[in-house]
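**Q** Below are the sequence and a predicted model for it; my questions follow.
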Amino acid sequence: MGKLRAAVIGAGFIGPAHVEALRRLGIEVAGITASTPKSAKRRAERLNLKAYGSWEDMIADKKVDVIHNCAPNHLHYPINKAALEAGKHVFSEKPLTISSQESAELVALAERRGLLGGLCHNYRGYPLVREAKERIAAGELGQLYHIHGHYLQDWLLYPADYNWRLEVAQAGRARAVGDIGSHWFDLAQYVSGLRLEAVLAETSTALPHRLRPKGAVETFAGPAKGELEEYSVDTDDYAAFLLRFSHSVKGYCAVSQVAAGHKNDLELEINGAQSSLRWNQERPEELWLGRRDQANGLVKKNPAILSAPARALVHYPVGHTEGYPSGIMNIIAQFYRALDGDQQADYPTFADGHRLMLIIEAVLESARSHKWVTIKG
Ligand code: SOE
């Protein structure tokens, strides 16, 4: 396929993380764009990159082969669609779109055009996550019984914590569910190898009235300053789910963006007939093993004891901490291996993203109807 050139749309929290990952992989980055030409220029200067005036200009650039879409949620669909129509491969931020109708369209479009679509469910890219997956696939836990966990954050705790994710027009109807619930669902299915089949959900809005600034604010930027105005919010700060997976495995999970003290607390625990395992994003280099008749154990990010697929995701020796940035890089690396024709490359696809949209919609429907909802597809 030759040397591919990438370009990144979005210069907030996550766009520059894609740039860093691409640079670590030795993939050329043609440039970056942002919500305004001025902020694109500012960010591009800091990253020593070319600033495109708009995402349309970037997509029109014949020198660009792969578009990284790190724009807000409502722009995932139009940008991904335009990029595919222009013959570019797409690596998109999640959720894939804001409706399953749009995500289905993107899956079909990529297929028709013979292009690849990848999705940044970066938590799949941690060595100990992969180790958990390998141990389950090898039968170490025995028959699986339960899958549970949480994804808790506190960056939207205060009324003046502002971000575009609080605006339905930009983020879609699902907030915590779409932003962080989608990660948890993806991880639970990826690690267990099971499919989520049905959900009973409750959502709630702890802060129905918030304060917003006149200007733009970045993710994790802290409470807004300057002139503020009050506005109403009715999307989910919090959601709890009862879950049914394939093979009659049962589970539960809670997500919140207003849980004081929790920063990026994504946790997944799986219990089987022989043993359990647990992984937490804030202790990314440890995998807890739970046993009934022996001492519980802790597997460290030690290449000498990890399975081969997990070892391949390690870039520094044991005890030399790596986490979030390397996870993103590992997933992006797999996507580019797929672009290079590697059939074994393992990355979240647009088809996965479409199914996650069906899950998000099932959650919202269940929260409305107070009934179990079967996930379509
Ligand atoms: C904000 O909740 C956020 O930045 C998410 O959008 C990311 O996907 C997650 O990795 C960290 O938190």
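**A** That came in fine, so what should we check first?

**Q** what's the residue in the stretch 101-250 of the chain that the ligand sits nearest to sitting at in phi/psi?
**A** The nearest approach of the stretch 101-250 of the chain to the ligand comes at residue 179, 4.7 Å away (CB to the nearest ligand atom). C-beta coordinates here come from the backbone N, C-alpha and C atoms, glycine included. Main-chain torsions, residue 179, degrees, to the nearest 10: phi -80, psi -50.

**Q** give me the number of residues near it?
**A** Residue 179: 24 surrounding residues under other CB atoms under 10 Å.

**Q** ranges for the helices of the stretch 101-250 of the chain?
**A** 127-137, 168-171, 176, 182-192 (DSSP state H, counting those that start in this stretch).

**Q** Export those helices as a markdown table, with columns for mean pLDDT.
**A** Shown next, in a markdown table, are the helices of the stretch 101-250 of the chain (pLDDT from 0 to 100):
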| stretch | mean pLDDT |
| --- | --- |
| helix 127-137 | 98 |
| helix 168-171 | 97 |
| helix 176 | 98 |
| helix 182-192 | 98 |
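
**Q** possible to save these as JSON lines with mean neighbour count and distance to the ligand?
**A** Shown next, in JSON lines, are those (neighbours: other CB atoms under 10 Å; distance: least, CB to the nearest ligand atom, whole Å):
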{"stretch": "helix 127-137", "mean neighbour count": "22", "distance to the ligand": "13"}
{"stretch": "helix 168-171", "mean neighbour count": "15", "distance to the ligand": "10"}
{"stretch": "helix 176", "mean neighbour count": "27", "distance to the ligand": "8"}
{"stretch": "helix 182-192", "mean neighbour count": "23", "distance to the ligand": "6"}
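
**Q** Distance to residue 335 for those helices - can I get that in a markdown table?
**A** Output for these, formatted as a markdown table (distance: least, CB to CB, whole Å):
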| stretch | distance to residue 335 |
| --- | --- |
| helix 127-137 | 16 |
| helix 168-171 | 24 |
| helix 176 | 26 |
| helix 182-192 | 15 |
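
**Q** Enumerate every residue touching residue 232.
**A** Going by CB atoms under 8 Å, 6 or more residues apart in numbering, residue 232 touches 208, 209.

**Q** Can you name the residue of the stretch 1-150 of the chain nearest the ligand?
**A** Counting by CB to the nearest ligand atom, the stretch 1-150 of the chain gets nearest the ligand through residue 13, at 5.8 Å.

**Q** Can you list the low-confidence ranges for this structure?
**A** 1-2, 215-216 (pLDDT under 70).

**Q** In it, which residue is most central in space?
**A** Centroid-nearest residue in the chain, with CA atoms, centre = their mean: residue 121, separated by 3.4 Å.

**Q** Pull the contacting residues for it.
**A** With CB under 8 Å, 6+ apart, residue 121 has these contacts: 94, 182, 183, 186, 187, 190, 331, 348, 352.

**Q** near the ligand at all, stretch 231-243?
**A** No: counting by CB under 6 Å from any ligand atom, the ligand has no neighbours in stretch 231-243; the shortest distance is 11.6 Å.

**Q** gap between the two ends of that stretch?
**A** Taking CA to CA, to the nearest Å, the first and last residues of stretch 231-243 lie 33 Å apart.

**Q** same deal with stretch 297-311?
**A** End-to-end for stretch 297-311, by CA to CA: 19 Å.

**Q** what sits up against that stretch?
**A** By CB under 8 Å, 6+ apart, stretch 297-311 touches 127-128, 130-131, 133-135, 284-289, 291, 314, 317-319, 322, 346.

**Q** I'd say the residue of the stretch 101-250 of the chain closest to the ligand and residue 171 touch.
**A** Yes: counting by CB atoms under 8 Å, residue 171 is a contact partner of residue 179 at 7.4 Å.

**Q** what is in contact with these two at once?
**A** With CB under 8 Å, 6+ apart, residue 179 and residue 171 have common neighbours residue 165.

**Q** quick revisit: how many neighbouring residues does the residue lying closest to the residue of the stretch 101-250 of the chain closest to the ligand once chain neighbours are set aside have?
**A** Residue nearest to residue 179 in three dimensions, not counting chain neighbours: residue 165, with 5.9 Å by CB to CB, 6 or more residues apart in numbering. Neighbourhood size, residue 165 [other CB under 10 Å]: 20.

**Q** same question, residue 228
**A** 16.

**Q** What residues does the protein have near the ligand?
**A** 13, 153, 179, 180, 183, 219, 264.
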